[in-house]
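In: What would the 3D arrangement of this be:
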Amino acid sequence: MRIIIFITLLVSPLFLFSQNKINTLIDQNFKKTLLVHKEFVSIPNLPEDSVTMLRNIHWVANQYKELEFTTSLLPSSTLPILLVEKVFDPNYKTVLFYFHIDGQPVNPDSWDQEDPFIPVLKAQETDDRWMPIDWNKLNGEINDDWRMFARAAADDKAPITMLLTALKILMEENSSPHFNIKVIFDPEEEYGSNALLSTLDQYQDRYAADYFIVMDGPAHDSNKPTLTFGCRGIATCSITTYGAKLPQHSGHFGNYAPNPAFSLAQLLASMKDDQGKVLIKDYYKGITIDKEIELLLESVPYDSVLFNKKLGIYTAEKVGKDYQESLQYPSLNIRQMSTSWQGRLLKTVIPEYAVANIDVRLVPETDGAEQLQKIRQHLEQQGNYVIDRDPTDQERSTHPKIVKFKTFNVVNAFRTNPNSEFGKQIRDQLTSSFGEKPVAIRIMGGTVPIIPLIDKLDMPTIIIPMVNMDNNQHSPNENIRIGNIRQGIKICLALLDIKF
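Out: The predicted structure is shown next:
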């Protein structure tokens, strides 16, 4: 009996309520939540329209003012950054949350509704057909499988609404989080976060916190609560090979003038084996998959047959033994190839030059500048004279193999240890709230533009994606599943109850 009482006393105030009580609180606020989300999503959010973007910013600011948060508009290179904050106890730790308010461009003709910024509630009729239903349906039983269709309904306005609702529930219950809160609202994430990044030096102290939670992106396709502990970075470069000084007639000069496209193809083929593994020296140096990491990767739900069928491939490359393990290594991708002839119709020419544009997805063990240097060294080891400009006539007559190698921007990866105190607290809290462990993704494949912010602030960071995977992010008919809004509120309530 003493043990039971002791455990009960350790449970934080919100979870003195049963899970049924928490679900009831969410249900009581759910219709209002959906209507608030509808109102929010109805405000167009394309950064090129500063007037409507400011409407979005002020809408969010007003919501937080009602919650007694302090709101600030921080000047940037373009649109202002909205920062909201509240100190619940000076002795508490501080958690910084991140959302973005902007959305991707739209092509209204590609949408199955009149206006992408007028939200439509829909129910599924067949596998690929969704039919509009009346908003008055929210007055009755709300079906979690209904969806709200509109630009930014999922990415990234849904998580904004989820956290707002969770904070409102706490206020109505005369409760409060066990940490202080700061929230950054990025007005240009879909366009590179230039506004936010321009403020890093000036407002670093304003953004400072103990922990950082990014609420963006889709959950695992199982739709279970998901935690992502990092994301890959990116480095880009181009490789150009040369033939004759000008394009040549393939009849007159075929078999005589070297074709740079073949030279480029042979060079690219030297970089990877037929199983997809990079052959460049030390490309995977420093990366190890120990038993603890392996168990974490294997915990992510995965069916290779269904996964490959969805991709439409016979088999995967063999860099890792499965999808999650493949993400733990840097990639080498040819994203575009071209020659000196850029016209619409084909011509019978031997091109003057051939170009391959390459991107490298980075992991924390691999520095972007170093990976690009390894590529350059590989080019040299293949007998090429490597320069960063077009060759001179003298160089053309002196070197049999010439390559122009250009490097571009580098954004390095980040990762927080899933077994760090921060990672374990969040994993344990979601396990308690949902009765099963969340999907824990060690690192995701993509790159988020705010990695420089993460590097600058130098704090443990976790991405918590909460929208449905099939939300058509960035595409026509973007949508948010109603049940994901419900689940997201519960996730936020669980987070707000953690004692850091």
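
In: and this protein, what are its domains?
Out: Residue ranges for the domains of the chain, per automatic domain parsing: 2-231+413-496, 233-287+329-411.

In: Mean neighbour count, those: which tops it?
Out: For the domains of the chain, ranked by mean neighbour count under the definition mean count of other C-beta atoms under 10 Å, the leader is domain 2-231+413-496 at a mean of 18. In this view, the C-beta of every residue, glycine as well, is placed from N, C-alpha and C.

In: returning to what we had before: can you tell which of the domains of the chain is closest to residue 297?
Out: The closest of those to residue 297 is domain 2-231+413-496. By C-beta to C-beta, the value is 6.4 Å.

In: Which SSE is immediately downstream of the helix or strand hosting residue 407?
Out: Mapping residue 407 onto the secondary structure by DSSP states H and E places it in strand 402-411. The C-terminal neighbour of strand 402-411 among helices and strands, as given by DSSP H and E, is strand 414-415.

In: next one: that following strand to chain centre, how far?
Out: From the chain centre to the centre of strand 414-415 is a distance of 13 Å (C-alpha atoms, centre = their mean, to the nearest Å).

In: Adjacent strands (with direction) for that strand?
Out: For strand 414-415, sheet partners with direction are given as strand 230-231 (antiparallel), following DSSP bridges.

In: And the average pLDDT for the strand it pairs with is what?
Out: Taken as a whole, strand 230-231 carries a mean pLDDT of 96.

In: quick check: angle from the helix or strand just after it to strand 402-411?
Out: Proceeding C-terminally, strand 230-231 gives way to strand 233-242 as the next helix or strand, assigned by DSSP H and E. In this structure, strand 233-242 runs at an angle of 170 degrees to strand 402-411, with axes from the mean of the first three to the mean of the last three C-alpha atoms, to 10 degrees as the basis.

In: And the strands in the stretch 301-450 of the chain?
Out: Counting by DSSP state E, counting those that start in this stretch, one finds strands in the stretch 301-450 of the chain at the ranges 333-339, 349-350, 353-362, 385-387, 402-411, 414-415, 439-441.

In: Where does pLDDT dip in the chain?
Out: Counting by pLDDT under 70, the chain contains low-confidence residues at 1-18.

In: wait, what's in contact with the residue of the chain most remote from its centre?
Out: Distance from the C-alpha centroid of the chain, by C-alpha atoms, centre = their mean, peaks at residue 252 (51.2 Å). If a contact means C-beta atoms under 8 Å, 6 or more residues apart in numbering, then residue 252 has no contacts.

In: Now do the SS call for it.
Out: Using DSSP: H, G, I helix; E, B strand; the rest coil, the structure places residue 252 in helix.

In: Could you measure from it over to residue 241?
Out: Here residue 252 is placed at a distance of 21 Å from residue 241 (C-beta to C-beta, to the nearest Å).

In: how about the strands of the stretch 301-450 of the chain, which one is nearest residue 99?
Out: Checking the strands of the stretch 301-450 of the chain against residue 99 by C-beta to C-beta gives strand 414-415 as the closest, at 18.2 Å.

In: Need the residues that contact the closest one.
Out: The list of residues contacting strand 414-415 from outside it, by C-beta under 8 Å, 6+ apart, reads 229, 230, 231, 233, 363, 364, 442, 443, 451, 454, 455, 461.
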